[in-house]
Structures are given as C-alpha cells and as structure tokens.
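K.L.:
Following is a predicted model, sequence given first.
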Amino acid sequence: MERLQQSAACAEREIMYEVETPGLYLIDGKNPVYAVGNQILFPKSQAIPNLELNDEMKGHAWNLSEDILVRTDLLKNYVELAPGVSVILLYAILLAAIKPLLVSMGYIPSTNLIIYGESGTGKTLLARTMCMLTKDMESFTWASVLNDKKNETLRRLKKAFGFVFVLDDFHPVAAGYNQKRQLELMNATLRFVESNAESPVLVVTAEYLDGSYSMQDRLLQIQLSEINVEVLKKIQNNIDLLPRIARNFAQTLLDNYTGITEMIKEFYEKSVISHKLISREDRQSAELLMVADLYEKYMGESHQEELREALKMQIQIQKKHMRLVKSQNSTDYIALLYKLIQEDKVYKICSDMIDEYKLLPTQIFLKDGNAIYMTKVALKYGLGKYYDEKTAAGLVKKVIEDLKENDLLLQDRDTTCKKFLGVRHLCISLYALKGYMSVRSYGKRRSKFMYLADLELENILRHRKVRF
C-alpha cells in the first residue's frame with residue numbers, strides 16, 4: 001500500500017479531454033487533433049492524445065470498413081457517375097472533410113451547392129450515393145425540405161461539421177404556406193452555414209431554381225440531366241469507399257499540417273485580394289480547385305481538368321440564369337411612374353390651367369393630350385406611396401435619370417425640366433411613355449424566350465435535356 005501511494009505521488013498527472021463538438025483542436029497549443037463524427041485523427045508523428053468523444057459524437061459513426069486503400073484511381077467512378085456534375089460534388093465532399101483544418105487556420109470556405117434538374121434525373125439518388133459518409137445518414141446529415149421542421153434541421157446542422165449536409169427536395173413552385181415554409185427553411189439553413197464557421201458544406205437538391213436573387217446567388221448551381229447507371233452499380237457495390245477516401249485525405253493533410261498551411265494561406269490571400277473582382281460562383285469554383293490541387297499533391301490522383309471543365313460549363317449557365325433573375329427582380333422606376341399616373345387615387349390629372357391646376361403635389365397637368373407636366377415635389381409625393389419619405393426623396397434623381405436615358409423627357413435647352421406657369425416641371429411624353437411600356441412588356445417576354453432557347457440549344461449540343 002505504501003509503495004502504491006508513493007508511485008501514485010510520483011506519477012505524472014494525465015489529463016483526459018472530452019470532445020463534445022466536431023472540429024480540429026490544438027492540444028497544448030500545438031498538436032493538431034481532428035475529431036469529426038466518431039473518428040479521432042492526429043499526425044502519425046504525434047503521441048496518441050488523451051481524448052474521449054462524448055456519446056453523441058460516438059453515435060455519428062462514419063460509414064467505414066478497415067480495408068486499406070492502395071489504388072491510385074479511387075476517384076474515377078465518382079467523376080464519371082454524372083459527367084459535368086458528380087466531379088463537382090466529389091470535391092465539395094472532400095472540401096467538407098478538410099473544412100475543420102481550414103477553419104483552424106482562420107479560413108472559412110464559402111462553397112455550398114444546389115443540384116437541380118427535372119424530375120427523375122437522379123438528384124436524390126446522386127446525393128444518397130455520394131454523400132453517405134455516415135452510417136445513419138438521415139439522422140445526422142440529411143433533411144427533407146418538404147417534411148422536416150426548421151428547428152430540427154438546424155439542430156442537425158450544428159452537429160454535421162466535417163461532412164456534407166443534404167437538404168433534399170426543394171420545391172419552390174409550391175403555392176401558399178408550403179412555398180413560404182420551404183423558402184424560410186432554405187434561408188435559415190443558408191444563414192446558418194454562412195454565419196457559423198463550424199458548419200457543414202450544404203448540398204441542396206431541387207427540381208427548379210427559385211427564390212430571391214440573393215438566395216440563388218449564394219449557391220453554386222449544378223444542373224443534372226442524367227446518371228450513368230453502370231457506374232452507379234459499381235459505386236453501390238463499394239458504398240463505403242468515398243467515406244474512406246475523405247477520411248484518408250483528412251489524415252494525410254493532418255500528417256502534413258505544417259506543409260499545407262503555407263499553400264492554403266497563399267490561396268486565401270489571393271482570394272481576398274480578388275474578392276471584389278470576381279463573382280461569388282467564381283470564388284466557390286476556386287475553392288474546389290484548391291481542394292483538387294491538395295488532393296493531387298498529397299494523394300497522387302488528379303482530375304483537375306474534368307473539374308475545371310465542369311465548373312466552366314455550370315458557371316456559364318449560372319451566370320446567364322442570374323442575369324435573367326436580376327433583370328426580372330430589378331425595379332423599373334419608369335414602369336412605377338406609369339403606374340402612379342394611371343392610378344386615380346394618387347394624382348389628379350388636370351387640363352385646365354386656370355381653374356384646376358394649382359401646382360399642388362397631388363396634381364399633374366396633361367397638355368395637348370400628350371405632354372405630362374409634373375413638378376419634382378409631385379414626383380416625390382407619388383413615390384411616397386411606395387417608399388418612406390427619405391427613400392422617395394433620394395429616388396427622384398434616379399427616376400429623372402431613367403426618363404432621360406430612355407428619351408421620355410421633352411427637354412428645354414438640354415435640361416431635364418421645362419418652365420410651366422413660372423415653375424420648373426418634368427415634361428414627360430405620354431406617347432413615348434406608353435411606347436416604352438409596350439416595348440417593355442413584349443421585350444420581357446422576348447428576352448425570357450430567347451434566354452430559354454439559348455439554354456436549350458446549349459444542352460441539345462451537349463446531348464442534354466433541360467426542363468424549365
């Protein structure tokens with residue numbers, strides 16, 4: 001008993017750490033340890049850390065076998081599963097696996113995907129086949145837009161750091177409450193992953209693209225037309241291969257933790273410098289190409305060309321789509337002014353200078369059946385029906401600029417106003433204004449038709465089909 005007490009007194013004190021949340025931790029401020037799901041990884045040169053996972057993390061079991069990976073063509077089937085699509089999803093999954101390392105270095109990836117295409121193309125099947133990194137995927141890294149509630153979805157998101165999280169079956173064309181609920185869930189999910197560094201990479205599946213410009217712009221849009229069934233069978237016969245690839249990638253980077261730091265630092269410094277010069281989808285593309293660089297350098301297999309070509313094609317389609325969304329969502333102040341003139345309750349339209357027109361903000365004057373005379377005060381008053389007073393005042397100049405740019409003002413000596421009853425007025429050609437509205441209505445239909453026709457032609461040339 002005396003010896004035991006003495007030995008205990010002389011023994012070094014061991015500290016056991018309990019891990020409650022996924023992430024990368026620096027033990028004693030220097031030794032990196034990666035804890036995601038039920039896996040604890042650390043550099044092979046490092047002593048085994050005194051770490052224990054809590055019960056919840058132990059329950060997030062990776063879908064792994066003990067087979068050793070020795071081939072150098074491990075990614076080939078995933079690249080060929082859905083040409084132009086699955087290669088992007090592959091590197092997004094690998095990005096998710098190393099995201100804890102990137103966040104520990106102070107860098108926060110911004111890549112999240114939406115895979116869309118007509119019903120039956122295999123969006124959900126693709127997500128289930130490639131994103132099943134955990135054994136109980138539906139409890140931890142999966143949610144249904146149609147069936148799961150917001151609070152439950154956010155709870156799962158908080159525990160999915162280091163994985164991809166699939167938000168399945170977004171149907172924004174649903175009507176009424178169902179549409180509103182879906183859009184709210186999408187927005188809440190996106191806000192969470194963007195505002196929390198320790199969050200998964202989000203993968204959404206949808207039949208259509210919809211929602212606000214801001215929401216659509218925050219996702220890298222990937223259009224799916226078909227899946228290669230023969231390749232799918234090969235992958236399904238070895239369903240735990242991709243989890244092992246992702247885990248081994250994280251382990252290899254951890255073994256080279258010091259070496260990868262400079263490479264990643266250089267990439268993100270360049271990314272910050274060019275942040276204002278390139279679009280969001282270009283930055284997301286660059287992040288995936290960085291992952292491909294890391295994988296080639298440390299794992300010896302490269303599919304950068306396939307990834308680069310797939311991203312180029314998808315981003316080209318996305319930019320064209322976002323230009324259309326932006327044109328449809330942007331405010332047409334000339335159309336708004338036309339609406340104000342047409343509404344009886346906004347202005348009183350006068351044609352008698354002596355008895356009716358008193359230069360009041362609520363009045364406009366119609367001269368010779370064509371020229372509408374309106375003071376800036378009256379314009380501000382009308383805009384005030386849609387905006388607060390400060391905003392309305394600020395928009396007066398914008399409306400005048402738009403009128404001038406579209407040749408709708410009858411100008412006097414190159415000014416935007418003409419004197420009428422001793423007071424400066426905007427003088428708007430009613431004929432030209434009606435012509436503008438007619439062209440706008442036809443042009444909007446025409447531009448959308450031409451856009452869809454262009455998109456369809458592109459896909460026919462690639463032997464692909466698209467549903468709008």
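P.N.:
Yep, that arrived.
K.L.:
just for the stretch 301-450 of the chain, where's the confidence low?
P.N.:
Scanning the stretch 301-450 of the chain for pLDDT under 70 picks out 327-330, 411-415, 439-450.
K.L.:
can you give me the helices in it?
P.N.:
304-329, 333-342, 376-383, 389-405, 430-461 (DSSP state H, counting those that start in this stretch).
K.L.:
In CSV, list the ones you listed along with distance to Asn187.
P.N.:
C-beta here means a position set from N, CA and C on the backbone, and glycine is covered the same way. Shown next, in CSV, are the helices of the stretch 301-450 of the chain (distance: least, CB to CB, whole Å):
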stretch, distance to Asn187
helix 304-329, 16
helix 333-342, 27
helix 376-383, 29
helix 389-405, 24
helix 430-461, 25
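K.L.:
Determine which stretch of these is the most buried.
P.N.:
helix 376-383 (a mean of 20; mean count of other CB atoms under 10 Å).
K.L.:
Going by contacts, tell me the helices and strands next to that helix.
P.N.:
helix 333-342, helix 389-405, strand 423-429 (3 or more CB pairs under 8 Å, 6 or more residues apart in numbering; DSSP states H and E).
K.L.:
Any idea which of those gets closest to Glu356?
P.N.:
strand 423-429 (15.2 Å; CB to CB).
K.L.:
what's the angle between the closest one and helix 389-405?
P.N.:
60 degrees (axes from the mean of the first three to the mean of the last three CA atoms, to 10 degrees).
K.L.:
who touches strand 423-429?
P.N.:
337, 359, 365, 370-376, 379, 400, 403, 408-412, 416-420 (CB atoms under 8 Å, 6 or more residues apart in numbering).
K.L.:
Tell me how far Lys218 lies from Asn237.
P.N.:
That one is not Lys; residue 218 is Arg. 36 Å (CB to CB, to the nearest Å).
K.L.:
distance of Lys390 from Leu336?
P.N.:
Lys390 is 17 Å from Leu336, by CB to CB.
K.L.:
Ok, Leu383 next?
P.N.:
Where Leu336 is concerned, Leu383 sits at a distance of 8 Å (CB to CB).
K.L.:
what's the answer for Arg424, then?
P.N.:
22 Å.
K.L.:
And Lys376, by the same measure?
P.N.:
16 Å.
K.L.:
Likewise for Cys131?
P.N.:
From Cys131 to Leu336 the distance is 45 Å (CB to CB).
K.L.:
Quote the end-to-end distance of stretch 189-205.
P.N.:
13 Å (CA to CA, to the nearest Å).
K.L.:
in it, what counts as buried?
P.N.:
189-190, 192-193, 197-205 (16 or more other CB atoms under 10 Å).
K.L.:
same deal with stretch 27-34?
P.N.:
27, 32-34.
K.L.:
what's the answer for stretch 350-365, then?
P.N.:
350, 357, 361, 363-365.
K.L.:
quick one on the thing from earlier: narrow the contacts of strand 423-429 to those in strands?
P.N.:
Taking DSSP state E, the ones among the contacts of strand 423-429 that sit in strands are 365, 371-374, 418-420.
K.L.:
Just the buried residues of those.
P.N.:
Buried among these by 16+ other CB under 10 Å: 365, 371-374, 418, 420.
K.L.:
Tell me the one among those residues nearest to Leu289.
P.N.:
Distances from Leu289 to these, taken by CB to CB, are shortest for Met374, at 54.1 Å.
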